[in-house]
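[1] Please work out how this folds:
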Amino acid sequence: MKQNRLARRVLGRRGGARRVARRGMMMIELLMMLIILSAFAIVTTRMFVTVMKLNREAAQAHTDTVRLDSAVRVMRGDVWEAGEVAEAGGEISVKNADAAVQWSVEKDGAMVRILTRDGKSDVKRWETGIAGMTLRAAGPVVVLSVPEGKKTRGGELWMSSQVGLAERMAS
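    Model prediction:
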């Protein structure tokens, strides 16, 4: 009888092997869970760092673009009103009836404007962050060349003098 009870416990009522209920997880399962959680943590950390880097680069590119746009807007106004446009050593001199303006681009991409009126000078500087830009004069036209790079597509911006073009058309 004792054997019968033991056999029923092990085999169950229907004669098949009975599944013994486990109480907890095995070490292998815990180890696998830790490995999966670690991999998830590594991936999310790298993704977070990448997103923050892209965010910082996008903000810097936007700032550089706004500064370049501001400088070009002022330069376009200076050139448009110019009676005379001259180039000397990579710098552009623009003269109108009451003032002289000198534009230059530094190696680091900073654009500098020096306005001289009545013997007084006013210096403005725009840090564009676009290295390698150049200025040149082609008659009554000022050409700003922007090199192709990571931040820029590159190209040339032509700004003409209204007075210079009118004089050229009249002659």
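[2] what separates Ala138 from Leu144, distance-wise?
    Look at Ala138 and Leu144: by Cβ to Cβ, to the nearest Å, they are 12 Å apart. The way it works is simple: take the backbone N, C-alpha and C, and place the C-beta from them, glycine included.
[3] out of these two, which sits in the more crowded spot?
    Leu144 (23 against 11; other Cβ atoms under 10 Å).
[4] On the strand side of things, show who that one bridges to.
    Leu135, Leu157 (DSSP bridges).
[5] any idea how far it is from Arg153?
    From Leu144 to Arg153 the distance is 14 Å (Cβ to Cβ).
[6] can you tell me how far the most centrally placed residue in the chain sits from Met52?
    Centroid-nearest residue in the chain: Ala61, 3.1 Å away (criterion: Cα atoms, centre = their mean). Distance from Ala61 to Met52, counting by Cβ to Cβ: 15 Å.
[7] repeat for Val72
    For Val72, the distance to Met52 - Cβ to Cβ - is 31 Å.
[8] Quick check: which element contains the residue nearest to the centre of the chain?
    Assigned by DSSP states H and E, Ala61 falls within helix 27-80.
[9] and the helix or strand that that helix is followed by, which strands flank it?
    Scanning forward in sequence from helix 27-80 by DSSP H and E, the next helix or strand is strand 84-88. Neighbouring strands of strand 84-88 in its sheet, by DSSP bridges, are strand 91-95 (antiparallel).
[10] And the contacts of the partner strand?
    If you take Cβ atoms under 8 Å, 6 or more residues apart in numbering as the criterion, strand 91-95 is touched by 78-79, 82-87, 100-104, 135-137, 142, 161.
[11] and what of stretch 143-152?
    61, 64, 72, 75, 105, 129-137, 154-159.
[12] Any regions of this structure where pLDDT drops low?
    Scanning the chain for pLDDT under 70 picks out the ranges 1-24, 151.
[13] The same query, at a cut-off of 50, please.
    Applying pLDDT under 50 to the chain flags no residue at all.
[14] Send over stretch 93-108 as PDB, restricted to the C-alpha atoms.
    What follows is stretch 93-108 as a C-alpha-only set of coordinates in PDB (Å, rounded to 0.1, in the frame of the first residue of the first chain):
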ATOM      1  CA  SER A  93      36.100  98.200 -49.900                       C
ATOM      2  CA  VAL A  94      32.700  99.700 -50.600                       C
ATOM      3  CA  LYS A  95      32.300 103.500 -50.900                       C
ATOM      4  CA  ASN A  96      29.100 105.500 -51.100                       C
ATOM      5  CA  ALA A  97      28.400 109.200 -50.800                       C
ATOM      6  CA  ASP A  98      28.900 109.600 -47.100                       C
ATOM      7  CA  ALA A  99      30.700 106.500 -45.800                       C
ATOM      8  CA  ALA A 100      33.300 103.800 -46.600                       C
ATOM      9  CA  VAL A 101      32.800 100.200 -45.600                       C
ATOM     10  CA  GLN A 102      35.500  97.500 -45.500                       C
ATOM     11  CA  TRP A 103      34.500  93.800 -45.500                       C
ATOM     12  CA  SER A 104      36.800  90.900 -44.700                       C
ATOM     13  CA  VAL A 105      36.400  87.200 -43.900                       C
ATOM     14  CA  GLU A 106      38.800  85.700 -41.400                       C
ATOM     15  CA  LYS A 107      40.200  82.100 -41.600                       C
ATOM     16  CA  ASP A 108      37.800  80.800 -38.900                       C
END
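[15] Having no further points to raise, I will conclude here.
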